[in-house]
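[1] Build me a structure from this.
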Amino acid sequence: MRKQSLCAVIMGKKMDELIRQALLVEKEVDLVEMRIDFLESKKYIDLQALKKAIKKNTIITCRRKDEGGKWIGSESSRLALLSKAFNMGFSFVDVELRTLEEGVFIVPQNMKMNGIISFHNFIKTPRLAQIKRILERMQRFNPAVKKIAAMVKDESDNAILIQAVLDAKKEEQVCIIGMGEYGKKTRIIAPLLSGSFAYCSINGEGSAPGQMSCHEMREIYKLLS
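    A predicted model of the protein is given here:
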């Protein structure tokens, strides 16, 4: 099994709250995901302040509302923030597959090094063949990481997601996440098989259904090591 990277999801309503939470947890995890779509003020998002304050590897995510995000500003301003994050050289920038396929976002040259392309289904787990087609669609944009998160309703859904990880090409970096209570098993197992990110919350309030705390994830991986 490959070594997984524990990623703390940081959410906050204000810039100083985001930075404070990241600094509190950064020594305990491998990287942090900054959910800037949770910020109350969309006019004063200072990516430079985040870059300067946080030394840990950082994922910048500004999730659109129809994929589980909290962004309520204009789409043009959201895309401008994502483009700026790429140009500033953050470790990773998360962009939805839907956004890329709409053709409204100019794919940056460093997508292969820093880009996470994500797909979310909060209703169900797609069939295995559908997941493979989604991964193929992502490959058109040549990302560093392909991320799929799907709602898990029973063990057969977990089996589909785990099989998708096992079937991924060795050179592919895939991040497969099961959402919901039943999806916790996939959240633990999939990162061990793919060496991808294991997302966790810092206070028990996750950014997606079924997301466990960083403390829980660390203890589980200690038992499995």
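[2] can you map out the strands along the protein?
    Applying DSSP state E to the chain gives strands spanning 5-10, 31-35, 57-61, 92-96, 115-121, 145-151, 174-179, 197-201.
[3] Pull out the buried positions in stretch 134-147.
    Ile134, Leu135, Met138, Phe141, Pro143, Ala144, Val145, Lys146, Lys147 (16 or more other C-beta atoms under 10 Å). (C-beta placed from N, C-alpha, C; glycine too.)
[4] Just send those residues back as CSV, with pLDDT and distance to Glu172 too.
    Formatted as CSV, the buried residues of stretch 134-147 follow (pLDDT from 0 to 100; distance: C-beta to C-beta, whole Å):
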residue, pLDDT, distance to Glu172
Ile134, 98, 13
Leu135, 96, 7
Met138, 97, 9
Phe141, 96, 13
Pro143, 97, 10
Ala144, 96, 10
Val145, 96, 9
Lys146, 97, 7
Lys147, 97, 12
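[5] Max pairwise distance over the residues you listed: which two?
    Distances among the buried residues of stretch 134-147 were taken as C-beta to C-beta; the most separated pair is Ile134 and Ala144, at 16.7 Å.
[6] For burial, what's the neighbour tally of Gln48?
    Under the neighbour criterion other C-beta atoms under 10 Å, Gln48 is assigned a count of 9.
[7] Output the below-cut-off pLDDT ranges for the protein.
    Filtered on pLDDT under 70, the chain yields the residue ranges 1-2, 204-206.
[8] ends of stretch 33-46, how far apart?
    Distance between the boundary residues of stretch 33-46 (C-alpha to C-alpha, to the nearest Å) amounts to 15 Å.
[9] which parts of that stretch are buried?
    For stretch 33-46, by 16+ other C-beta under 10 Å, it's Glu33, Met34, Arg35, Ile36, Asp37, Phe38, Leu39, Lys42, Ile45.
[10] try stretch 202-217
    Neighbour-count burial for stretch 202-217, counted by 16+ other C-beta under 10 Å, picks out Ile202, Gly206, Ser207, Ala208, Pro209, Gly210, Gln211, Met212, Ser213, Cys214, Met217.
[11] before we move on, the earlier item: which one of the strands of the chain lies nearest to Arg187?
    Minimum separation from Arg187 across these (C-beta to C-beta) falls at strand 174-179, 5.9 Å.
[12] what ranges do the helices span in this protein?
    15-25, 47-53, 75-88, 97-101, 111-114, 128-139, 155-167, 184-194, 214-224 (DSSP state H).
[13] which residues sit against the fifth one?
    Applying C-beta atoms under 8 Å, 6 or more residues apart in numbering, the set of residues contacting helix 111-114 from outside is Phe86, Gly89, Phe90, Ser91, Phe92, Val93, Pro108, Phe141, Asn142, Pro143, Ala144.
[14] mind putting the residues you listed in TSV, distance to Asn114 included?
    Output for the contacts of helix 111-114, formatted as TSV (distance: C-beta to C-beta, whole Å):
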residue	distance to Asn114
Phe86	6
Gly89	7
Phe90	7
Ser91	7
Phe92	5
Val93	6
Pro108	8
Phe141	12
Asn142	12
Pro143	9
Ala144	6
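[15] Which single one of these is nearest to Asn57?
    Proximity of the contacts of helix 111-114 to Asn57, judged by C-beta to C-beta, is greatest for Ser91, which lies at 4.0 Å.
[16] Okay then, goodbye and thanks.
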